[in-house]
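1. generate coordinates for the sequence data below:
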Amino acid sequence: MPNAYTRHWFEVFLETMPEGLTAFEVDAIEERLPRPGFSRVLDICCGPARHAAHLVERGYDVTGIDRDAEAVAQASQRCPLGRFIEADQREVSSVSGPFDAAVVLWQSFGYFESATNDRVLADIRNLLRPGGRLVLDLFHRSFFERNQGRIAPTRDPRCRAITNEMNGPRLTSTIEYANGSTEMMQFELFTPEEIQRRAAPLGLEAIETCCWWDAGRLPTADEQRFQIVFQRR
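-> Alright, predicted model coming up:
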């Protein structure tokens with residue numbers, strides 16, 4: 001089953017995201033998707049337009065999709081010049097393209113079994129014009145293989161702890177909330193080399209891999225996240 005992302009998750013993890021971090025990420029996206037060549041952007045799993053609203057302000061034409069109806073409603077209200085569609089990631093092929101670029105941010109790719117993840121990747125590729133770009137922001141599988149177990153985050157006291165467990169390439173994150181409820185997230189994780197191998201047969205060529213959006217900093221197993229930019233041949 002896909003991750004549900006309850007309203008409590010949005011309140012604890014997304015609504016508390018520092019605005020400075022969002023601005024930093026949008027600056028990094030703009031560097032990799034310079035206008036006017038990459039003006040038309042598809043934001044997959046857009047949530048309440050955390051990134052999309054800033055991109056529209058900077059002159060991008062943004063279409064966002066998200067499976068959460070309330071998030072889509074919030075996005076439409078926050079960013080009236082964007083277009084936001086309630087759709088599961090597996091339904092991305094129903095969106096009208098082509099796009100100059102697509103972005104899938106904050107570990108929002110890999111929700112499903114491998115074959116479905118590959119199909120979603122192919123569907124995204126088919127929505128890109130030749131030369132279009134795909135920006136993925138992913139957890140590094142090797143980091144989580146080395147760093148399993150229970151951790152106690154401190155950013156928001158409403159989250160008591162998160163337990164991360166790997167089973168092959170799949171990560172299960174169990175979130176313990178201070179109110180006594182729990183929530184489970186599951187993902188297929190990739191190394192930079194593996195996601196490139198999966199994308200290559202689709203005609204997606206990696207033109208950049210980096211860590212924390214720093215072009216001079218290559219991904220390593222010591223860092224939780226990495227970013228990769230593909231270009232459609």
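2. need the longest strand for this structure.
-> Of all the segments of type strand in the chain, defined by DSSP state E, the longest one is strand 128-139.
3. which other helices and strands does the next helix-or-strand element following it contact?
-> If you walk from strand 128-139 toward the C-terminus, the next helix or strand you reach (DSSP states H and E) is helix 141-146. Applying 3 or more C-beta pairs under 8 Å, 6 or more residues apart in numbering; DSSP states H and E, we find helix 141-146 packed against strand 159-167. Just so you know, the C-beta spots here come from the backbone N, C-alpha and C atoms, and that holds for glycine as well.
4. just the buried positions in the strand it packs on, please.
-> Within strand 159-167, the residues that qualify as buried by neighbour count (16 or more other C-beta atoms under 10 Å) are 159, 162, 164, 166.
5. rounded mean pLDDT for stretch 84-94, please.
-> When the per-residue pLDDT values of stretch 84-94 are averaged, the result is 97.
6. ah, wrong one, I meant stretch 157-173
-> When the per-residue pLDDT values of stretch 157-173 are averaged, the result is 96.
7. could you work out the end-to-end span of it for me?
-> End-to-end distance of stretch 157-173: 18 Å, with C-alpha to C-alpha, to the nearest Å as the criterion.
8. now find how far off-centre that stretch is within its chain.
-> With C-alpha atoms, centre = their mean, to the nearest Å as the basis, the distance from the averaged C-alpha position of stretch 157-173 to the chain average is 17 Å.
9. can you give the contact residues for it?
-> For stretch 157-173, the surrounding residues in contact (C-beta atoms under 8 Å, 6 or more residues apart in numbering) are 8, 11-13, 114, 139, 141, 144-145, 147-153, 174-179, 184-190, 194.
10. of those, buried ones?
-> With burial judged by 16+ other C-beta under 10 Å, the buried subset of these is 12-13, 139, 141, 144-145, 175-177, 185-190.
11. quick one, which of the residues you listed has the minimum pLDDT?
-> By predicted confidence, the buried ones among the contacts of stretch 157-173 are weakest at residue 13, whose pLDDT stands at 83.
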